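only geometry, no sequence info:
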């Protein structure tokens, strides 16, 4: 289903918005906003993504993951397939997640936070 929409996932601590699928510069991408102090897994120096989203994003032919760090006000990007290939799966109490080292993410210079409102929300079990 290739349309712009937000994803809400069920975790052990409740339902959470995981991010949005957007068309960015002609490519279908997964976009989310994070706080590095709160969302980075510092033991691995990695960013994570809930494993349950991977098949959904693959079905949408997502090319990139864009991540806006609200603390540093910087945008980061990684090829979706590179994220999947270079990550490890672990469960530390919030469900299975893929962890990918921050060294594989590139800063996108000059790109600002995306403030686009998305009305469509998809619940992912």
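Cool, got the structure. Just so you know, these numbers come straight off a predicted model, no measurement behind them. Numbers count the residues shown, from 1 in each chain.

Provide a complete list of residue ranges assigned to helices in the protein.
Taking DSSP state H, the helices of the chain run over residues 36-39, 54-59, 80-85.

least reliable of those going by mean pLDDT?
By mean pLDDT, the lowest-scoring of those turns out to be helix 36-39, with a mean of 54.

which parts of the longest strand along the chain are buried?
For the chain, the longest strand by residue count, based on DSSP state E, is strand 14-24. Applying a neighbour-count criterion of 16 or more other CB atoms under 10 Å, one finds 18, 19, 20, 21, 22, 24 buried in strand 14-24. For every residue, glycine as well, the C-beta is placed using N, CA and C.

Give me the pLDDT value at the third one.
Think residue 20. Looking at residue 20, its pLDDT is 91.

Okay, now the unreliable bits of the protein?
Scanning the chain for pLDDT under 70 picks out 1, 36-44, 117, 119, 123, 125.

try 80 this time
Within the chain, the segments meeting pLDDT under 80 span 1-2, 11-13, 35-44, 92-94, 116-125.

right, and residue 124 touches residue 54 too?
No: applying CB atoms under 8 Å as the test, residue 124 and residue 54 come out as separate, 10.6 Å apart.

what about the two, which has more around it?
Set residue 124 next to residue 54 and count neighbours by other CB atoms under 10 Å: residue 54 wins out with 18 against 14.

Excluding chain neighbours, what is closest to that one?
In space, and not counting its chain neighbours, residue 54 is closest to residue 84: 6.3 Å by CB to CB, 6 or more residues apart in numbering.

Which one of the buried residues of strand 14-24 is nearest to residue 62?
Proximity of these to residue 62 (CB to CB) peaks at residue 21, which lies at 6.5 Å.

Would you map the strands across the protein?
5-11, 14-24, 27-34, 46-50, 64-69, 74-79, 88-91, 96-101, 106-107, 121-124.

Give me the buried positions along the fifth one.
For strand 64-69, a neighbour-count test (16+ other CB under 10 Å) marks 64, 65, 66, 67, 68, 69 as buried.

wouldn't the first one be in contact with residue 30 here?
Think residue 64. Yes: here residue 64 reaches residue 30: they are 7.4 Å apart, a contact under CB under 8 Å.
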